[in-house]
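Q: just a sequence and a predicted model for now, questions to come.
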Amino acid sequence: MNKVKPIIWGIAIITLGVIFGGNAIGLFNFNVFFEGWWTLFIIVPSAISLITEKGRMASLAFLAAGVILLLAAQNVFSYDAAWKVILAVALILFGIAMIFGTIFHSKSNKEVAEKVKKLGENGNMDAHTAIFSGSDKTYKKEVFSGANLVAVFGGVDIDLREAIIEKDTVIRACAAFGGVNIVVPNDVRVKSKSCFFFGGIADERKDASNKGKHTIYVDATGGFGGVTITDRK
């Protein structure tokens, strides 16, 4: 999907260029500045993310919000009603996400929660925080004993491929309007649980067979953000 996304964006930009060019030389008269045209800045990116990204609940929510605002701009209903409908849709999607997350991941979540509680008592956990900024940490032949990662309107990246992992460990990651990227070595297992409001966790490892001597337990939380687990920078 990483290769598909720029192709879709390229097609969208070419289409926009053709429209502007055709209007300029009189081939056709297509008015791109219709009532509510600005909602396309919400609808188009959300639609592309819905196709190309793994965490689709947030994309679906923003797509629905964009369509609702477009209908309001077209005087189908008032903006006051539109915001109430958007709130209702957001609550419904959040409820669906919680229900399905509980049904399909309850056993795994329970295991991870127990391990996080037990192993998280370790006082040697590192802390990396990015608030309206970025934080990038690469562990080179350093012992990794766990970490607390916080990204608020920013991004945190940690690279553990050359870290020394001597035992099972925990990573707590919180992403609020930001992102956390965790690069793990291939010789460890990774188990995760997440609780997000419009966002999520994505495991993008090429080899996610979870074969290894030690396990990294990832507890991801946040809103309007995401946590990515990968095995490549």
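A: Received, thanks.

Q: how about the strands in the protein?
A: Assigned by DSSP state E, the strands in the chain fall at 126-131, 134-143, 147-152, 155-164, 169-176, 179-183, 188-203, 214-230.

Q: between those, which gets the lowest average pLDDT?
A: Comparing mean pLDDT across the strands of the chain, the weakest is strand 188-203, with a mean of 81.

Q: partner strands of it, with direction?
A: strand 214-230 (parallel) (DSSP bridges).

Q: could you list the buried residues of the partner strand?
A: For strand 214-230, a neighbour-count test (16 or more other C-beta atoms under 10 Å) marks 215-222, 224-230 as buried. All C-beta spots, glycine's among them, are computed from the backbone N, C-alpha and C.

Q: of the residues you listed, which is the nearest to residue 132?
A: If you rank the buried residues of strand 214-230 by distance to residue 132 using C-beta to C-beta, residue 225 comes first, at 13.4 Å.

Q: let's have the strands of the chain in a markdown table, adding distance to residue 44.
A: Output for the strands of the chain, formatted as a markdown table (distance: least, C-beta to C-beta, whole Å):
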| stretch | distance to residue 44 |
| --- | --- |
| strand 126-131 | 28 |
| strand 134-143 | 27 |
| strand 147-152 | 26 |
| strand 155-164 | 23 |
| strand 169-176 | 24 |
| strand 179-183 | 21 |
| strand 188-203 | 18 |
| strand 214-230 | 18 |
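
Q: to residue 8, which of those strands lies closest?
A: Checking the strands of the chain against residue 8 by C-beta to C-beta gives strand 188-203 as the closest, at 18.4 Å.

Q: now do that closest one and strand 155-164, the angle between them.
A: 170 degrees (axes from the mean of the first three to the mean of the last three C-alpha atoms, to 10 degrees).

Q: run the angle between strand 188-203 and strand 169-176 for me.
A: If you take the same axes, to 10 degrees, strand 188-203 sits at 10 degrees to strand 169-176.

Q: now strand 188-203 - C-alpha only, CSV.
A: Taking C-alpha atoms only, strand 188-203 is exported to CSV below (Å, rounded to 0.1, in the frame of the first residue of the first chain):
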residue,chain,number,x,y,z
VAL,A,188,12.2,-10.5,19.2
ARG,A,189,8.5,-11.1,19.5
VAL,A,190,6.1,-8.2,19.7
LYS,A,191,2.7,-8.2,21.3
SER,A,192,0.5,-5.1,21.5
LYS,A,193,-2.7,-3.7,22.7
SER,A,194,-4.2,-0.3,21.9
CYS,A,195,-6.9,2.2,23.0
PHE,A,196,-7.3,5.0,20.6
PHE,A,197,-9.9,7.7,19.8
PHE,A,198,-9.5,8.1,16.0
GLY,A,199,-6.2,6.5,15.5
GLY,A,200,-4.6,3.2,16.0
ILE,A,201,-1.6,0.9,16.0
ALA,A,202,-0.1,-0.6,12.8
ASP,A,203,2.3,-3.5,12.7
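
Q: that older thread, most widely separated two among the buried residues of strand 214-230?
A: Among the buried residues of strand 214-230, 215 and 224 lie farthest apart (C-beta to C-beta), at 28.9 Å.

Q: hmm, what's the outermost residue in this structure?
A: Of all residues in the chain, residue 26 has its C-alpha farthest from the mean position, at 42.5 Å, by C-alpha atoms, centre = their mean.

Q: what are the phi and psi angles of that residue?
A: phi 80, psi 20 (degrees, to the nearest 10).

Q: gap between it and residue 37?
A: 21 Å (C-beta to C-beta, to the nearest Å).
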